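Enquirer: here's a sequence, model it:
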Amino acid sequence: MTRRMTRRAFTRDLAALVGSFGMVCLPVKADAQQPASPRRIGVLFGGFSLEGNEEQQFRQGLLDAGYVEGRDVVIEWRSANGDYARVPELVADLIQRKVEVIVVTTTPAAQAVKRATSTIPIVMALVADPVGSGLVASLAHPGGNVTGLSMMLTDLTAKRLQLLKEAIPRVARVAVLWNPAMPWHPKAVADLKAAAPSLAIELSFVSATTPEDFGRAFSAVSRAHAQALYVLDAPLFFAHRTTLLKLASRARLPAIYSERSWGDEGGLMSYGANYLDLYRRSAAYVDKILKGAKPADLPIEQPTKFELVVNLKTAKALGLTIPESVLLQADEVIR
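Expert: Sure, this is the predicted structure:
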């Protein structure tokens, strides 16, 4: 006998069948919604802080790329504060914390990080001469596990001397303060020696590797009868810029520097890359690496923003009149 299914029975059986499939499928849907863990980034400052502004710029760069700190990324901040003997310990700590990429500032610190790991990607934020210091094979094809940004410090060395001459046309004797411990300073010294004759400038070189050397260095500047001072970029000098600015003022020496903080704080002139912009741009490298790019395939970028700062308050105190042609070139004139 054929059993005829009623509409009510068909509906009941269909609901039971759908319900059984739902029970099987639910766990799969729940598993697919599990949130991803934040990516871990290491940031190692080799030198001294720019009053914390570099952290703000790096965070902004990550935010521009769509990363929210705490949700998408965790940042492990470390600083050697210019004590490069501490860098290996700080790098070892970052490696132990399994960071996926290390952002590093200053050449000595970058060299130490490269010695510590050949597998974790390294992004340079503030490095003077990455090719000359052996960090990368070339700017276009870095090779290895290092990429990032170059500060172009050595490329701007002669330009600063030219600007000093334009600002003080009568200057004929310039003292250069340098630090033999900085890997890029010998090349900068050679570049200055090559540029000086065409500017009718006689150079004298005074070195300092510790703050205790500053007094001796300025005594040597005085004996050389220097009419102006050129301070090469170095973490040591930047950290003690207040002392150096006071010594230059006491000696009534007009001076040119590589970073705008010097001009803001009383130096006559500064010309160089915008360091904070480099911190922001380094975050773009981190973004590419977290998305699978290899450091060896990411060309080294160079600064796109350069700033000339002229402090007319200091010029007035020194009895100098800065030519209008120089003031027109300046990105900022402090009056």
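
Enquirer: I figured Leu177 hits Leu229, correct?
Expert: Yes - between Leu177 and Leu229 there is a contact at 6.6 Å, judged by C-beta atoms under 8 Å. Heads up, the C-betas are built off the backbone N, CA and C, glycines and all.

Enquirer: tally of neighbours for Val74?
Expert: 15 (other C-beta atoms under 10 Å).

Enquirer: count of neighbours near Ser118?
Expert: Using other C-beta under 10 Å, the number of residues around Ser118 comes to 10.

Enquirer: where do the helices sit along the stretch 1-150 of the chain?
Expert: Under the criterion DSSP state H, counting those that start in this stretch, helices of the stretch 1-150 of the chain are mapped to 7-32, 53-64, 87-96, 107-116.

Enquirer: find residues that contact each of Leu177 and Leu229.
Expert: Val221 (C-beta atoms under 8 Å, 6 or more residues apart in numbering).

Enquirer: ramachandran coordinates for Ala255?
Expert: With angles defined as degrees, to the nearest 10, Ala255 sits at phi -140, psi 150.

Enquirer: check what pLDDT it gets.
Expert: Note on Ala255: pLDDT of 98.

Enquirer: contact partners for it?
Expert: Counting by C-beta under 8 Å, 6+ apart, Ala255 makes contact with 228-231, 248, 267-269.

Enquirer: roughly how far apart are it and Leu203?
Expert: Counting by C-beta to C-beta, to the nearest Å, the gap from Ala255 to Leu203 is 14 Å.

Enquirer: go on, Gly82?
Expert: The gap separating Gly82 from Leu203 is 27 Å, by C-beta to C-beta.

Enquirer: can you check Val91 too?
Expert: For Val91, the distance to Leu203 under the criterion C-beta to C-beta works out to 37 Å.

Enquirer: swap in Ser282?
Expert: Distance, Ser282 to Leu203, using C-beta to C-beta: 34 Å.

Enquirer: give me the more crowded residue out of the two.
Expert: Relative neighbour count places Ser282 above the other of Ser282 and Leu203, with 27 against 19, counting by other C-beta under 10 Å.

Enquirer: where in the stretch 151-300 of the chain is pLDDT low?
Expert: The stretch 151-300 of the chain contains residues with pLDDT under 70 at 153-154.

Enquirer: ranges for the strands of it?
Expert: Taking DSSP state E, counting those that start in this stretch, the strands of the stretch 151-300 of the chain run over residues 173-178, 202-207, 228-231, 255-257, 269-273.

Enquirer: so of these, which one's packed in deepest?
Expert: The densest packing among those, expressed as mean neighbour count by mean count of other C-beta atoms under 10 Å, is seen in strand 255-257 with a mean of 28.
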